[in-house]
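J.: Build me a model:
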Amino acid sequence: MTGIDFTVFKGSSTGQIVESKTHKESIKPDEVLLKITHAGLCGTDMHHKTSDMVLGHEGVGLVQQVGSQVTSFKVGDRAGWGYLHNSCGHCDECLNANEMFCPERAMYATANTDQGAFASHAVWKAAFLFHIPDSITSSDAAPLMCAGATVFNAMYLYNVRPTDRVAIVGVGGLGHIAIQFAAKMGCEVVVFSGSESKKEEAKSLGASEFYATKGASKLEIGKPVKHLFVTTSQIPDWNLFLPVLAPNATIYPITVSEGNLAIPHIPLVSKGLTIQGSFCASRGVHVKMLRFAAVNGIKPITQEFPLTAEGIEEAMAKLEVGKVRYRAVLVAGR
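T.: So this is what the prediction gives:
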């Protein structure tokens, strides 16, 4: 097939979603043509809605065509992708399965800006696509492509162990998935949220304990925590949280925020704390995340919107004012 044209939805200088077209002469031998059925809306997409680029990086769809060298997918398979589109394959990071940190990585917003998850179709390298397990619906799979992979990656790579006391700050798009992963890993899960309103939901997702933080000057939680996952868009009051950390505990600020990360110096040094940067998952961990989610029945809580310019704008408007519970998924017309 030559001359592939498909519909895409781009940002613009005004922030309005613009319907456009992308053209591919053909698919290369190592590529796959996907018909997109579901796309997750991530907070990162909001950062780029004023850019002239195709939005969306939590994509799931059906394979429509495979290149001549592709053996890992066949027509009709469900496949998904996330932040990373390509890497060099030969640097130290790639050879150590850390291709997310490849110096030549191609990823959302910096490469392939002529296509994304907010579209009718996409053409990607087969090596950077993931099979969707049969037990995970496409709507549930979409948020796992970034949100799920991000929280699982931090837990998997940085030695969260069964029986560890793990704290999650925030019950939102990332936090509600993080609670599930940590609980299914066998951890004791402590959840912090502004008010009591999400207490029962957090408990149903696997939280062992729940503490409301709004207006608190001190947190009384008994045994200190070993890992603190910050999933809120705003950096928390460290003076509230550092006292509840165990010696040698690790802090994971896993949301994207502007500005500097400022933290009190003395508690960091005197407790031997670690601040661990973490990004989206490389492919090996991404596959393990999907397998773990399938085996353990981990499902994001989603709201669906149509995969149209109007649907994208409605979902973004609700996300901006905190009215999405907890991940928006855009669904293509049948």
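
J.: ok, what's across the strand from E304?
T.: V329 (DSSP bridges).

J.: I'd guessed it sits against T137; true?
T.: No: using Cβ atoms under 8 Å, E304 is not in contact with T137; the gap is 11.1 Å. Where you see a C-beta, it was placed from the backbone N, CA and C, and this is true even at glycine.

J.: how about the closest residue to F279 other than its chain neighbours, secondary structure?
T.: Beyond its immediate neighbours in the sequence, the residue positioned closest to F279 (Cβ to Cβ, 6 or more residues apart in numbering) is M100, lying 5.6 Å away. Of the three states, M100 takes helix under DSSP: H, G, I helix; E, B strand; the rest coil.

J.: Verify the contact between M100 and C280 for me.
T.: Yes: applying Cβ under 8 Å, one finds M100 in contact with C280, separated by 6.0 Å.

J.: and for the two, which residues touch both?
T.: 83-84 (Cβ atoms under 8 Å, 6 or more residues apart in numbering).

J.: what residues are up against the residue nearest to F279?
T.: By Cβ under 8 Å, 6+ apart, M100 lies in contact with 83-84, 87, 93, 107, 279-282.

J.: Equivalent analysis for P264, please.
T.: If you count contacts by Cβ under 8 Å, 6+ apart, then P264 has 238-239, 242 around it.

J.: Now which of these would you call buried?
T.: Neighbour-count burial within the contacts of P264 applies to 238, 242; the criterion is 16 or more other Cβ atoms under 10 Å.

J.: Output the contacts of P264 in JSON lines, with pLDDT and distance to E31 appended to each entry.
T.: Below are these laid out as JSON lines (pLDDT from 0 to 100; distance: Cβ to Cβ, whole Å):
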{"residue": "W238", "pLDDT": "96", "distance to E31": "46"}
{"residue": "N239", "pLDDT": "95", "distance to E31": "51"}
{"residue": "L242", "pLDDT": "98", "distance to E31": "48"}
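
J.: quick one: which of the contacts of P264 is nearest to K21?
T.: W238 (47.8 Å; Cβ to Cβ).

J.: Isn't that closest one up against I263?
T.: Yes: using Cβ under 8 Å, W238 is in contact with I263, at 5.2 Å.

J.: okay, now G215: neighbour count?
T.: Here the count is done by other Cβ atoms under 10 Å, and G215 has 7 residues near it.

J.: quick one, phi/psi of it?
T.: Backbone torsions for G215, taken as degrees, to the nearest 10, come to phi 80, psi 0.

J.: On the pLDDT front, check it for me.
T.: According to the prediction, G215 has pLDDT 94.

J.: cool, and T2?
T.: T2 is given a pLDDT of 66.

J.: Mind jotting down where the helices sit in this protein?
T.: Assigned by DSSP state H, the helices in the chain fall at 43-47, 92-95, 138-143, 149-157, 175-184, 199-205, 238-241, 265-270, 283-296, 309-320.

J.: Of all these, which one is nearest Q115?
T.: Smallest distance to Q115 across the helices of the chain (Cβ to Cβ): 14.1 Å, for helix 43-47.

J.: Now do the closest one, average pLDDT.
T.: Averaged across helix 43-47, pLDDT comes to 93.

J.: longest strand in this protein, by residue count?
T.: In the chain, with assignment by DSSP state E, the single longest strand is strand 31-41.
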